[in-house]
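>>> pasting a predicted model and its sequence here:
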Amino acid sequence: MHNYKELKVWEKAVDFAVDVYKSTESLPADERFGLTSQIRRSVVSVSSNIAEGAGRNTKGEFNQFLGYAYGSSCELDTQLIIANKLDFINKESFLELEAEINHIQSMIYNLKRSMV
């Protein structure tokens, strides 16, 4: 239906995933299978759901997957808040990531609205 590689929100989400992976490299080793893994799965899910939805047959299906992407971004935001409260991510890095999540969420929301 859509070429996801042409969607700015997909591109932004992929770049953000790279940033989050780099930001989580310094999390404690004992969190590798806990919070680090959860954060990484959530951030990858955002761009993956956008791509999967774009490959579906109808606007309704695409819209549904944009909803999944938005939900994953909310999950990610929560996990980053927890990591920040545990002092796994410093305040400055957290605020930068939080601003980027908010921007991506806005892009997803606007794309969903444009499809109605």
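Arrived safely, thanks for sending. Residues are numbered from 1 along each chain as shown.
>>> against residue 9, how distant is residue 51?
To residue 9, residue 51 is 11 Å away according to CB to CB, to the nearest Å. The way it works is simple: take the backbone N, C-alpha and C, and place the C-beta from them, glycine included.
>>> I should have written residue 18 there, sorry.
Residue 18 is 15 Å from residue 9, by CB to CB.
>>> buried ones in the lengthiest helix in the chain?
The residue-count maximum for a helix in the chain (DSSP state H) belongs to helix 59-85. When burial is assessed from 16 or more other CB atoms under 10 Å, helix 59-85 yields the following buried residues: 62-66, 68-70, 72-73, 75-77, 79-80, 83-84.
>>> what's the answer for stretch 6-16, then?
7, 9-10, 12-14, 16.
>>> CA-only coordinates of that stretch in CSV, if you can.
Taking Å, rounded to 0.1, in the frame of the first residue of the first chain, the C-alpha atoms of stretch 6-16 are listed here in CSV:
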residue,chain,number,x,y,z
GLU,A,6,9.5,7.0,2.1
LEU,A,7,7.7,7.8,5.3
LYS,A,8,9.5,10.4,7.4
VAL,A,9,8.1,9.0,10.6
TRP,A,10,9.5,5.5,9.8
GLU,A,11,12.9,7.0,9.0
LYS,A,12,12.8,9.1,12.3
ALA,A,13,11.8,6.0,14.3
VAL,A,14,14.7,3.9,12.8
ASP,A,15,17.2,6.7,13.6
PHE,A,16,15.7,6.9,17.1
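>>> which residues are contacting the helix or strand residue 49 falls within?
Taking DSSP states H and E as the definition, residue 49 sits inside helix 35-54. Here helix 35-54 makes contact (CB atoms under 8 Å, 6 or more residues apart in numbering) with 1-4, 7, 9-10, 13-14, 16-17, 20-21, 24, 27, 61-66, 68-69, 72-73, 75-76, 79-80, 82-83, 86, 88, 104, 108.
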